[in-house]
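> Just to be clear, the model below is a prediction. Sequence and coordinates:
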Amino acid sequence: MNSNFFNQIRQMDISGDLHLTIAKSTEGILVVSVMLKNEACGDNAKNIIPPLNLRGTAEELDSGFFHTITAPMQSASGLMADMESFMKQLEQVKMQSAKEKQKADAQKKQHEAKDKRFSDAMTKAEELENRADSVRLG
């Protein structure tokens, strides 16, 4: 018996681990569950991607298995890659946002320090003016 099953899996161009569960049903029917797992994807939403379930005789599955699963598995693989890319971009945005917040906080503190120096200088000027007025009156 010569099969190209594993060569066809290799040629599917997917990222992750392909999990297959094969169960015998009644009357010569097989139930095949195909699920793609990608641990490199950090988004937990990957866990709600459902498996692809196929039912058929051995002959039906032999003739149409890869034709049936290739597009959905490539879509799931692409989705998980996009999810991971999104998660990385989101992390970069968070880091950039934190930097911008620190920068804004530093500018605010600098502005508050200038305002305080100005306010202190105005208070001192008023005190000196009041002393000068009292010396002239006195």
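Structure received. Residues are numbered from 1 along each chain as shown.

> Now residue 49: closest residue in space that isn't a chain neighbour?
residue 76 (5.6 Å; C-beta to C-beta, 6 or more residues apart in numbering). Glycine gets a C-beta too; all of them are placed from N, C-alpha and C.

> wait, is the one you found part of a strand?
No - assessed with DSSP: H, G, I helix; E, B strand; the rest coil, residue 76 is helix; it does not lie in a strand.

> so how far is residue 108 from the residue positioned nearest the centre of the chain?
Geometric centre of the chain, nearest residue: residue 87, 1.7 Å, by C-alpha atoms, centre = their mean. Distance of residue 87 to residue 108, computed by C-beta to C-beta, to the nearest Å: 31 Å.

> what does residue 22 give?
According to C-beta to C-beta, residue 22 stands 63 Å off from residue 108.

> hmm, back to that, let me see the mean pLDDT of whatever helix or strand the residue nearest to the centre of the chain lives in.
Secondary structure from DSSP states H and E places residue 87 in helix 58-137. The pLDDT scores in helix 58-137 average 89.

> I'd like to know which elements that helix is packed against.
Counting contacts by 3 or more C-beta pairs under 8 Å, 6 or more residues apart in numbering; DSSP states H and E, helix 58-137 is packed against strand 30-37, strand 52-56.

> neighbouring contacts of the last one?
Applying C-beta atoms under 8 Å, 6 or more residues apart in numbering, the set of residues contacting strand 52-56 from outside is 25, 29-35, 61, 64-65, 68-69, 72-73.

> would you put the C-alpha positions of it in PDB?
Taking Å, rounded to 0.1, in the frame of the first residue of the first chain, the C-alpha atoms of strand 52-56 are listed here in PDB:
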ATOM      1  CA  LEU A  52     -13.900  20.600  10.900                       C
ATOM      2  CA  ASN A  53     -16.000  17.400  11.000                       C
ATOM      3  CA  LEU A  54     -16.300  15.100   8.100                       C
ATOM      4  CA  ARG A  55     -18.500  12.000   7.600                       C
ATOM      5  CA  GLY A  56     -18.200   9.400   4.900                       C
END
